[in-house]
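J.: I would like the atomic coordinates for the input below:
(one chain, ligands or ions: 1)
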Amino acid sequence: MRFERSHARRTAFVAVAGSLALLATACGSGDKGSSGSGGASTGALEGRGPITLATGKDTSGNLQNQLNAWNAQHPNEKVELKELPEDADAQRQQMVQNAQAKSDAYSVLVMDVVWTSEFAANQWITQIPEDKVPDLGKLLPATVETAKYRDKLYAVPMTSDGGLLYYRSDLLKAAGITEAPKTWDEMKADCTKVQATPAGKGIGCYAGQFEKYEGLTVNFSEAVNSAGGDIVDKDGKPNVNTPEAKAGLTELVNDFKTGVIPKEAITYKEEESRRAFQDGKLLFLRNWPYVYALANKTDGSSKIAGKFAVAPLPGKTGPGVSSLGGHDYAISSYAKNKATAIDFINFMASEARQKANIEKTSQAPTWASLYDDPTLNKQFPYLAPLKASIQNAKPRPRVVKYGDVTAAIQAAAYDALSQKTAPDKALADLQTKLQSLITN
Ligand code: GLC
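T.: Residues are numbered from 1 along each chain as shown. The predicted model follows:
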């Protein structure tokens with residue numbers, strides 16, 4: 001079955017390759033799309049043989065299992081894992097440097113959903129004809145949008161991500177609270193109640209990710225969106241100098257001032273905040289779905305297995321709005337063996353592989369059908385709030401200069417949270433900065 005599919009693809013490829021080569025010449029790119037040459041080959045998906053997968057640190061521990069499944073079936077086209085750092089900005093930096101050096105060291109790039117425009121505009125990744133990705137129509141539409149630049153596909157959505165509110169259901173129950181909070185005020189009132197019980201004495205109220213890195217852009221955007229504001233408006237224009245954005249940022253600033261957010265959270269990325277929650281130091285945590293499986297481990301690594309539940313993010317006057325996260329697989333323009341790379345990507349993006357992955361890691365799939373799978377819903381009660389979180393999520397700005405845009409957001413938010421700059425001034429300055437960066 002597998003063999004027939006790739007064989008059919010190879011046959012179809014001959015015809016497509018011919019027209020793409022013609023197109024490349026007609027466009028004057030001078031790119032021959034040559035197989036296995038290691039040179040920039042932005043056109044055809046040619047060449048078979050070993051490949052590499054460059055990805056951020058695999059905190060799930062399951063990625064190598066997935067790769068082993070491919071390697072067992074493709075002994076001459078094995079994929080080797082190239083693990084990059086844990087935080088998104090450091091990953092991006094290594095991938096950019098690699099592309100600028102036109103290196104063929106990374107074949108498939110596990111790209112944060114926010115990088116597509118930059119990598120595509122710079123031709124660091126290869127455009128992928130949609131007919132090479134048979135299951136695209138079955139994925140959540142919001143995830144497919146993240147993989148496109150100017151309506152063309154440059155990657156394949158692999159995992160999605162939506163922010164969730166993790167909470168200690170045991171402690172809420174002991175304090176007589178039966179429902180998760182829907183607003184920031186309700187959340188803070190719940191903290192006061194729980195902290196007054198013997199079991200909740202001294203526990204931190206809430207944390208997200210507030211270190212100066214991509215996660216801060218996410219948390220800042222969610223605070224702004226959850227207060228009714230925007231980072232960019234419907235036309236893509238910067239829109240952060242507004243009362244709503246101020247309300248969102250001020251909430252975070254005040255939460256730090258009053259200790260609702262413990263002060264060490266200014267150093268938290270995803271993993272630090274997950275560990276604090278797992279060690280029983282937090283009542284509420286904003287984090288991604290991958291935390292669900294790890295925090296429920298019964299091997300002694302989590303003190304709160306079975307003692308927490310998951311709800312949608314709270315907001316200013318009602319449920320909050322998540323930033324859309326996730327990862328797409330792209331093919332480096334400088335890679336060898338692109339025909340193998342696209343087959344590997346389709347293998348990893350299949351419904352069966354995504355199901356196997358969520359079962360082990362609780363990472364959000366991109367297949368719509370998996371969110372309605374009764375067995376999965378039993379095992380992962382967070383699937384319904386997660387689907388809602390992803391469907392209502394707001395994308396971060398889809399701009400070519402995303403690296404500069406996120407750096408500006410991180411600096412403004414960090415200075416406000418550490419009380420170096422007042423929220424008004426931070427937002428007014430950020431608006432000016434974003435206006436100079438977002439011109440398209
Ligand atoms: C997660 C998300 C990604 C986001 C990052 C921020 O990995 O999937 O989109 O940029 O967290 O830290």
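
J.: in the stretch 301-440 of the chain, which spans are helices?
T.: 338-348, 351-361, 374-379, 383-392, 402-417, 423-437 (DSSP state H, counting those that start in this stretch).

J.: how near is A90 to the ligand?
T.: Separation of A90 from the ligand (CB to the nearest ligand atom, to the nearest Å) stands at 11 Å. Bear in mind the C-beta positions are built from the backbone N, C-alpha and C, glycine included.

J.: now the helix or strand that contains that residue: mean pLDDT?
T.: Per DSSP states H and E: A90 is located in helix 88-100. Averaging the model's pLDDT scores along helix 88-100 yields 97.

J.: excluding chain neighbours, what is closest to the residue in the chain positioned nearest to the ligand?
T.: At 3.0 Å from the ligand, G325 is the closest residue in the chain, using CB to the nearest ligand atom. Ranked by CB to CB, 6 or more residues apart in numbering and with sequence neighbours excluded, the top spatial neighbour of G325 is D161, at 2.9 Å.

J.: surely the one you found is in contact with E270?
T.: No. Shown here, D161 and E270 do not form a contact pair, counting by CB atoms under 8 Å, at 10.2 Å.

J.: any idea how far D235 lies from A408?
T.: 19 Å (CB to CB, to the nearest Å).

J.: next SSE after the helix or strand bottoming out on mean pLDDT in the chain?
T.: Lowest on mean pLDDT, DSSP states H and E among the helices and strands of the chain sits helix 2-26, with a mean of 41. Following helix 2-26 in sequence order, the next helix or strand is strand 51-56 (DSSP H and E).

J.: quick check: the residue lying farthest from the centre of the chain vs A174, distance?
T.: Each residue of the chain has a distance to the centre, and by CA atoms, centre = their mean the biggest one is for P198: 37.7 Å. Using CB to CB, P198 is found at 9 Å from A174.

J.: close to the ligand: what parts of the stretch 51-200 of the chain are there?
T.: 88, 112-114, 161 (CB under 6 Å from any ligand atom).

J.: any weak-confidence spans in the stretch 201-350 of the chain?
T.: Across the stretch 201-350 of the chain, nothing is flagged by pLDDT under 70.

J.: which bits of it sit near the ligand?
T.: 214-215, 218, 270, 288, 325-327.

J.: which of these are buried, as a ChimeraX select command?
T.: The buried residues among these can be selected in ChimeraX (16 or more other CB atoms under 10 Å) with this line:
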select :214,215,218,270,288,325,326,327
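
J.: let's see which of the residues of the stretch 201-350 of the chain next to the ligand end up in strands.
T.: 325-327 (DSSP state E).

J.: what bridges to the nearest residue to K82 once chain neighbours are set aside?
T.: In this structure, K82 finds its nearest non-sequential neighbour in A54, 4.5 Å apart by CB to CB, 6+ apart. Taking DSSP bridges as the rule, A54 bridges to K82, L109.

J.: report pLDDT for A54.
T.: Reported pLDDT for A54: 98.

J.: picking that back up, for D235 and A408, indicate the residue with more neighbours.
T.: A408 (22 against 6; other CB atoms under 10 Å).

J.: pull the number of nearby residues for the residue nearest to the more buried one when sequence neighbours are not counted.
T.: Distances taken as CB to CB, 6+ apart place K433 nearest to A408, at 4.5 Å, with adjacent residues excluded. Neighbour count for K433, taken as other CB under 10 Å: 19.

J.: surely K433 and T406 touch.
T.: No. Assessed by CB under 8 Å, K433 is found out of contact with T406, at 11.6 Å.

J.: surely A175 touches K193?
T.: Yes. Using CB under 8 Å, A175 makes contact with K193 at a distance of 4.6 Å.

J.: look at those two and report which has more neighbours.
T.: More neighbours surround A175 than the other of A175 and K193, with 19 against 16 (other CB under 10 Å).

J.: check the more buried one and give its pLDDT.
T.: 98.

J.: and it, backbone torsions?
T.: Phi and psi for A175, reported as degrees, to the nearest 10, are phi -90, psi 10.

J.: from N219, how far out is it?
T.: 26 Å.

J.: all helices for the stretch 51-200 of the chain, in order.
T.: 63-73, 88-100, 116-121, 141-146, 169-174, 184-195.

J.: ok, residues contacting the fourth one?
T.: In other words, helix 141-146. If you take CB atoms under 8 Å, 6 or more residues apart in numbering as the criterion, helix 141-146 is touched by 113, 116, 136, 155, 157, 160, 324, 326, 328, 366, 390-391, 393, 395.

J.: of those residues, buried ones?
T.: 113, 116, 136, 155, 157, 160, 324, 326, 328, 366, 390, 393, 395.

J.: contacts only, for the second one.
T.: Think T116. T116 neighbours (CB under 8 Å, 6+ apart): 146-149, 154-155, 328, 330, 398.

J.: can you do 7 Å?
T.: By CB atoms under 7 Å, 6 or more residues apart in numbering, T116 lies in contact with 146-147, 149, 154-155, 328.

J.: same thing with the fifth one?
T.: Contact analysis of P157 by CB under 7 Å, 6+ apart lists 139, 143-144, 146-147, 326, 328, 366.

J.: beta partners for it?
T.: D328.

J.: map the structural domains onto the sequence of this protein.
T.: 17-162+324-392, 164-321+401-437 (automatic domain parsing).

J.: next one: the shortest one to chain centre, how far?
T.: In terms of CA atoms, centre = their mean, to the nearest Å, the gap separating the centre of domain 164-321+401-437 from the centre of its chain is 16 Å.

J.: what lies in contact with stretch 432-440?
T.: 232, 236, 238, 240, 397, 399-401, 404-405, 408.

J.: which pair of those spans the longest distance?
T.: V240 and V400 (19.3 Å; CB to CB).

J.: which of these two has more residues huddled nearby?
T.: V240 (29 against 19).

J.: three-state assignment of the more buried one?
T.: Reduced to three states with DSSP: H, G, I helix; E, B strand; the rest coil, the structure at V240 is coil.

J.: wait, it touches L427, no?
T.: Yes. With contact defined as CB atoms under 7 Å, V240 counts as touching L427 (5.1 Å).

J.: what is the neighbour count of N76?
T.: 8.

J.: now V108
T.: Neighbours around V108, by other CB under 10 Å: 27.

J.: next one: K303
T.: Around K303 there are 12 residues (other CB under 10 Å).

J.: residue contacts, it?
T.: K303 neighbours (CB under 7 Å, 6+ apart): 278-280.

J.: at 10 Å instead, please
T.: K303 makes contact with 277-281, 295 under the criterion CB atoms under 10 Å, 6 or more residues apart in numbering.
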